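A.B. asks: Provide a 3D model corresponding to the input given below.
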Amino acid sequence: MKCLILAAGYATRLYPLTENFPKPLLEVQGKTILDWLIEDIDSLGSVDEYVVISNHKFAHHFDAWAAKKQQKITVVDDGTSSNETRLGAVKDIRFAIDALGLDDDMLVIAGDNLLDFSLTKFMRYAAEKKASCIMRYYEASAQRLIKSGVVEIDETDRILSMEEKPAQPKSNWCCPPFYYYTKADARLVAEGIASGCNTDAPGSYIAWLCTQTAVYAMEMPGKRYDIGNLESYEKVQKEYCGIC
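C.D. replies: Presented below is the predicted three-dimensional model:
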C-alpha cells in the first residue's frame, strides 16, 4: 500500500508561521505533524512507501525532512508556487499517480490534521470492507456542516451520497480528509476528473466515486484536530496528548 500525503497547500491563514515554511512540518508537542501521522501509520506495517505531494515553494523543506527518516518517503513537487496557481487536491493526487506510475491500494491523507486515535483502526476497517472507505464524525453545527464534506449512509455504512460544502446538508455526518482507495478505484481518479468532479477539495473525488461503486464510511472512534489558523494551532499545542 502507498500512503499519499496532501501537502501542497500554502496555509495562508497561518501567516507568518507558514509564509516560508510548510504547515505539515510545524511541531506539536515536540514532533512535526507529519511525524505524528507517519509513525502511527507505520506501526501497522502495511505501507511500503509514503508520497508527500508538495508545491515547488516548499518541496525542499520536505526533502530535508524526508532525508532523515527511516521510512521510504518520496517527495513530489507539483510545480506550483503560489496559492493562486495551486492545482487542487484531486489534481495533486492524479499528478503523483502519473509522475510515479503508482498502481496500488492507497491511503490518502491531509498532512495538516492530527488524530487522538490510531489510523490503523481505519486501515483495518477498509481491509474488512474490501472497498474504498472514508471516515465520518457527527457534527451538530449547521455552520460547520456547510463548510465540510457531508455524507448520507445506509445501515451498512455504505455512502448513499456525499457533497462538499452543501448549502443544505442532508445529514450531520462530516468527513475529515482521510481516505482509502482500492487499487481499482485509484485507477479511476483521471476518469473522475474528466467526468467533472470538483478538484479543489479532496473529498470531491469520493463524492464522484460513490456514484460509481460501493464506498463505506467508518465512524471515527476519537477526535480530529484541524490546524487551520493561528488560534487552532495554539489550541492543539496545548491540548494534544498523542494517540490514545
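
A.B. asks: and the nearest residue to residue 189 once chain neighbours are set aside, which of the three is it?
C.D. replies: Closest residue to residue 189 apart from its sequence neighbours, by CB to CB, 6 or more residues apart in numbering: residue 94 at 4.9 Å. Placement of C-beta: from N, CA and C, glycine included. Judged by DSSP: H, G, I helix; E, B strand; the rest coil, the three-state class of residue 94 is helix.

A.B. asks: ditto for the one 4 residues further on
C.D. replies: Reduced to three states with three-state DSSP, the structure at residue 98 is helix.

A.B. asks: number of residues surrounding it?
C.D. replies: 12 (other CB atoms under 10 Å).

A.B. asks: how much space is there between the residue lying closest to it once chain neighbours are set aside and residue 80?
C.D. replies: Spatial nearest neighbour of residue 98, chain neighbours left out: residue 190 (8.0 Å); criterion: CB to CB, 6+ apart. Distance of residue 190 to residue 80, given as CB to CB, to the nearest Å: 19 Å.

A.B. asks: before we move on, what about residue 44?
C.D. replies: Where residue 80 is concerned, residue 44 sits at a distance of 32 Å (CB to CB).

A.B. asks: returning to that earlier point: for the residue nearest to residue 189, list the residues it contacts.
C.D. replies: 189-190, 193 (CB atoms under 8 Å, 6 or more residues apart in numbering).

A.B. asks: just to revisit the earlier point, residue 44 and residue 80: which is more packed in?
C.D. replies: residue 80 (20 against 16).

A.B. asks: correct me if wrong: that one contacts residue 58.
C.D. replies: No. Judged on CB atoms under 8 Å, residue 80 makes no contact with residue 58 at a distance of 10.2 Å.

A.B. asks: now do the same contact list for the nearest residue to residue 73 once chain neighbours are set aside.
C.D. replies: Excluding the flanking residues, the one nearest residue 73 by CB to CB, 6+ apart is residue 66, at 4.0 Å. Residues near residue 66 by CB under 8 Å, 6+ apart: 52, 73-75.

A.B. asks: which residue ranges form the helices in the chain?
C.D. replies: Using DSSP state H, the helices of the chain run over residues 33-42, 59-66, 89-100, 120-129, 142-145, 183-186, 189-194, 203-209, 230-239.

A.B. asks: now the first one: average pLDDT?
C.D. replies: Regarding helix 33-42, the rounded mean pLDDT is 97.

A.B. asks: can you check the longest one too?
C.D. replies: Taken as a whole, helix 89-100 has a mean pLDDT of 97.

A.B. asks: same check, this time on the last one
C.D. replies: Averaged over helix 230-239, pLDDT sits at 93.

A.B. asks: also the fourth one?
C.D. replies: Averaged over helix 120-129, pLDDT sits at 97.

A.B. asks: now the angle from it to helix 33-42?
C.D. replies: 40 degrees (axes from the mean of the first three to the mean of the last three CA atoms, to 10 degrees).
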